[in-house]
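Engineer: Build the 3D model from these lines:
(one chain, ligands or ions: 2)
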Amino acid sequence: MSNPILEINDLKASFKTYEGTANVLDGIDLTIHEGEAMALVGETGCGKSLTTELILDLVPAARTSGEMKFKDEVVYSPSVDERSTLRGENISIIMQDPMSSLNPVFTIGEQMTDILLFGGGEKSPIDYLKHKLTRNGAERKKARERAREVLNEVQISSPERVLSSYPSELSGGMRQRILIGMALLADPDLLIADEPGTALDVTTEKKILEILKDIVDNRDTSVIYITHDLGVAHEVSDRVTVMYAGQVVERSPTDVIFDTPMHPYTRTLLESVPSLSTGIGEGSEGSIPSYVDVEAECRFADRCEFSEAACRGVHPGERTLDQGQSVACHLYKQDTGGRSADDTDEPYIGPPPWRTEQKRAD
Ligand SMILES: Nc1ncnc2c1ncn2[C@@H]1O[C@H](COP(=O)(O)OP(=O)(O)OP(=O)(O)O)[C@@H](O)[C@H]1O
Ligand code: NI
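Structural biologist: Numbering: from 1, shown residues only. Ligands and ions are numbered 1, 2, ... in the order given. Model (predicted):
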């Protein structure tokens, strides 16, 4: 396997709310390798966006702990007060909502060249105007040329026209492509795509995902796709990380997880992927627990048909299985004769209970 580009260790994040402290992220570990496409999957509110926004330090209200490394450089650690900011340099994020990420009063061309000339960060209006007036025409022309290049890359066939347009003059699909283009301007080594295209109709969303996948394949960029849909993950990713209520419950190569989901939550997610024949997913019952006073150590315990006393008292820990899969679930301790996840050197590799039931029925 290639080198890790991003490593996150034991990331925790909480918020002060009127009801008390919301402990949202509960020790997230993530590793992305060079050139790898990872899908971060889980239902709404489970902390997918928060995890990736913390990488870019976009959540000032969050109280955090843990360690983060990007290309072997420590960007965040409990011993360091100030985080170095990676935004715009090596990591780009494609936001979910094209309309709120584009400025309605500037043309696409102006917005793209401004990113190239002044960076994407916040500036005071005075600084901004000063810059804008002093930059020379040649530089601006070069920036516009580069903007045209990335618009080609996102398969926009009339880049000149688009560069002269205002966001409101373009379709939703077009705007989403532009956001992808903007994320590419900085030539990022890691791209984070937060549910790209989900605000659009299904056909357009599919097209957006295809374009994105082509770009990622061509550039060999590492990418994190955030999605609530395992069907999407199947199309675009090499590896899947499943989150539930601020915890990672399972990781797996994409092709393996569809065949053998190990965590009961992954299984319910799979059942909610619309089947090709009926087009209707079953969905799963219940919703994620409140992050204020989460009691169970496995946060899925309340919704899990296999839950037992241990699930509420002890965090299951993550155990490595065959085929590059790993799972955090007490189910996979039972058949090891009661040994805990930490002291066993022969991890339980038997099938999940629903598989055994299937076999009996056959
Ligand atoms: N600034 C904040 N202040 C308070 N709570 C926050 C803040 N940002 C995120 N949260 C909480 O963190 C939890 C996780 O949110 P997040 O947006 O990461 O979920 P998600 O998995 O991306 O969901 P979705 O699929 O709906 O985008 C939510 O309960 C949310 O209320
Ligand atoms: Ni989100």
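Engineer: Which residues of the stretch 1-150 of the chain lie near ligand 1?
Structural biologist: Residues of the stretch 1-150 of the chain lying close to ligand 1 by Cβ under 6 Å from any ligand atom are 15, 22, 24, 42, 44-50, 59, 61. To be clear about C-beta, it is placed using only N, CA and C from the backbone, and glycine gets the same treatment.
Engineer: Mind picking the one among these that's closest to L102?
Structural biologist: Minimum distance to L102 across those is 18.8 Å, recorded for S49 (Cβ to Cβ).
Engineer: ok, for the closest one, nearest residue in space, not its chain neighbours?
Structural biologist: Nearest in space to S49, with sequence neighbours left out and distances taken as Cβ to Cβ, 6 or more residues apart in numbering, is D194 at 5.7 Å.
Engineer: any weak-confidence spans in the chain?
Structural biologist: 1, 76-89, 97-98, 119-136, 274-285, 333-350, 356-362 (pLDDT under 70).
Engineer: what about the residue nearest in space to the middle of it, distance to T21?
Structural biologist: Nearest residue to the geometric centre of the chain (Cα atoms, centre = their mean): I226, 3.3 Å. Distance, I226 to T21, by Cβ to Cβ, to the nearest Å: 25 Å.
Engineer: now the residues of the stretch 1-150 of the chain next to ligand 1: which count as buried?
Structural biologist: Buried subset of these (neighbour count, 16 or more other Cβ atoms under 10 Å): 15, 22, 24, 42, 46-50.
Engineer: Apart from its neighbours in sequence, what residue is nearest T52?
Structural biologist: With Cβ to Cβ, 6+ apart, the residue lying closest to T52 is I192, at 4.8 Å.
Engineer: Convert the one helix or strand the one you found maps to to CSV, retaining C-alpha atoms only.
Structural biologist: Element membership for I192 (DSSP states H and E) is strand 190-194. What follows is strand 190-194 as a C-alpha-only set of coordinates in CSV (Å, rounded to 0.1, in the frame of the first residue of the first chain):
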residue,chain,number,x,y,z
LEU,A,190,-6.3,15.6,-1.0
LEU,A,191,-9.8,16.4,-2.1
ILE,A,192,-12.8,16.3,0.2
ALA,A,193,-16.1,16.0,-1.5
ASP,A,194,-19.0,16.5,0.9
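Engineer: just checking, what packs against that strand?
Structural biologist: helix 48-55, strand 91-94, helix 172-184, strand 222-227 (3 or more Cβ pairs under 8 Å, 6 or more residues apart in numbering; DSSP states H and E).
Engineer: at 7 Å what do you get?
Structural biologist: helix 48-55, strand 91-94, strand 222-227 (3 or more Cβ pairs under 7 Å, 6 or more residues apart in numbering; DSSP states H and E).
Engineer: how about A301, what does it touch?
Structural biologist: Going by Cβ atoms under 7 Å, 6 or more residues apart in numbering, A301 touches 307, 311-312.
Engineer: no, scratch that, I was asking about H330
Structural biologist: 298, 308, 310-311, 316.
Engineer: now it: how far from ligand 1?
Structural biologist: 24 Å (Cβ to the nearest ligand atom, to the nearest Å).
Engineer: ok, now C329?
Structural biologist: 20 Å.
Engineer: again, but for G286
Structural biologist: 15 Å.
Engineer: circling back: out of the buried ones among the residues of the stretch 1-150 of the chain next to ligand 1, the closest to S168 would be?
Structural biologist: Using Cβ to Cβ, S49 comes nearest to S168 of these, at 25.7 Å.
Engineer: Would you confirm that I8 contacts F70?
Structural biologist: No. Here I8 does not reach F70: they are 9.7 Å apart, not a contact under Cβ atoms under 7 Å.
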